[in-house]
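> coords please:
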Amino acid sequence: MYARSLGDDGAELRPLEPWQAEEFLAHIERGREFIGQYVGLPDVVTNLESSRAHLSSYAEKAAADTGRIHGIWMDGKLVGGVLFRTMDLASGTAEAGCWLEPSAAGRGLVTRAVRVLIDWAVEERGIHRVEWHVSSANAPSIAVARRLGMTKDGVLRESYPYRGKRHDMEVWSVLAPEWRAGREKPSEGC
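Below is the predicted model:
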């Protein structure tokens, strides 16, 4: 297993694998309400069996090269994660996403972790377009898209039901040439 440092604050990015289902479930329990404001992950991961099944589905995606899931650890504790929910190498597209428990919010962890994933997708896997789908009400996630240099492509009005209410979904994206050009500029923070 590998770990990639996300800076000098003790943060690491590592793959999340089925054998970590118990740790993953404990993490989701700590952040269930916070994470569930905009992300359906807590509704999917409700017990050890569903935790293992969720991580197994991403192990299968990784084996098929159609998705990836990674955890963010702070000082050895799982506090969030980033993923490619979908990856289509033939069309050169991928959809990135994230979640955090409340103790990890506001530290730039997601921005730093997604930068690693996008670098890998663009440079190693030939992905041309990385998308970020986000509820219009999720200001922190929209801020991440902006910090990553993404462009808002549009809003899909009331496009999905979540917890009894229809929500607007914003679609943000960055293209490989834009990503490369943005990496060459000085960073504006995480």
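
> Tell me the gap between the helix or strand where Glu49 lies and the middle of its chain.
Glu49 belongs to helix 48-64 when assigned by DSSP states H and E. Chain-centre distance of helix 48-64: 15 Å, with CA atoms, centre = their mean, to the nearest Å.

> Report all helices and strands that that helix contacts.
Packing partners of helix 48-64 (3 or more CB pairs under 8 Å, 6 or more residues apart in numbering; DSSP states H and E): helix 21-35, helix 41-44, strand 68-74. Using the backbone N, CA and C atoms, a C-beta is placed for each residue, glycine as well.

> can you rerun that using 7 Å?
helix 21-35, strand 68-74 (3 or more CB pairs under 7 Å, 6 or more residues apart in numbering; DSSP states H and E).

> Find the one among the ones you listed with the highest mean neighbour count.
Highest mean neighbour count of the helices and strands packed on helix 48-64: strand 68-74, a mean of 22 (counted as mean count of other CB atoms under 10 Å).

> List the strands paired with the helix or strand of the chain with the lowest mean pLDDT, with their directions.
Least confident helix or strand, the chain: strand 4-5 with a mean of 87, by mean pLDDT, DSSP states H and E. Within its sheet, and counting by DSSP bridges, strand 4-5 is paired with strand 11-15 (antiparallel).

> The strand it pairs with vs helix 48-64, what angle?
Going by axes from the mean of the first three to the mean of the last three CA atoms, to 10 degrees, strand 11-15 is angled at 80 degrees with respect to helix 48-64.

> what's the angle from strand 11-15 to strand 68-74?
150 degrees.

> one step back: just send the helices and strands packed on helix 48-64 back as JSON lines, with distance to Leu13 too.
Below are the helices and strands packed on helix 48-64 laid out as JSON lines (distance: least, CB to CB, whole Å):
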{"stretch": "helix 21-35", "distance to Leu13": "15"}
{"stretch": "strand 68-74", "distance to Leu13": "5"}
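
> Redo these as a markdown table? Include distance to Arg180 and mean pLDDT.
Shown next, in a markdown table, are the helices and strands packed on helix 48-64 (distance: least, CB to CB, whole Å; pLDDT from 0 to 100):
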| stretch | distance to Arg180 | mean pLDDT |
| --- | --- | --- |
| helix 21-35 | 32 | 96 |
| strand 68-74 | 21 | 96 |
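
> just to revisit the earlier point, what's next to the least confident helix or strand of the chain, contact-wise?
Glu12, Leu13, Val116 (CB atoms under 7 Å, 6 or more residues apart in numbering).

> looking at those residues, which has the most residues close by?
Each of these was scored for neighbours by other CB atoms under 10 Å, and Leu13 scores highest at 22 neighbours.

> Skipping adjacent residues, who's closest to that one in space?
Nearest non-adjacent residue to Leu13, counting by CB to CB, 6 or more residues apart in numbering: Arg4, 4.6 Å away.

> Quick one: neighbours of that neighbour, just the number.
Count around Arg4 with other CB under 10 Å applied: 14.
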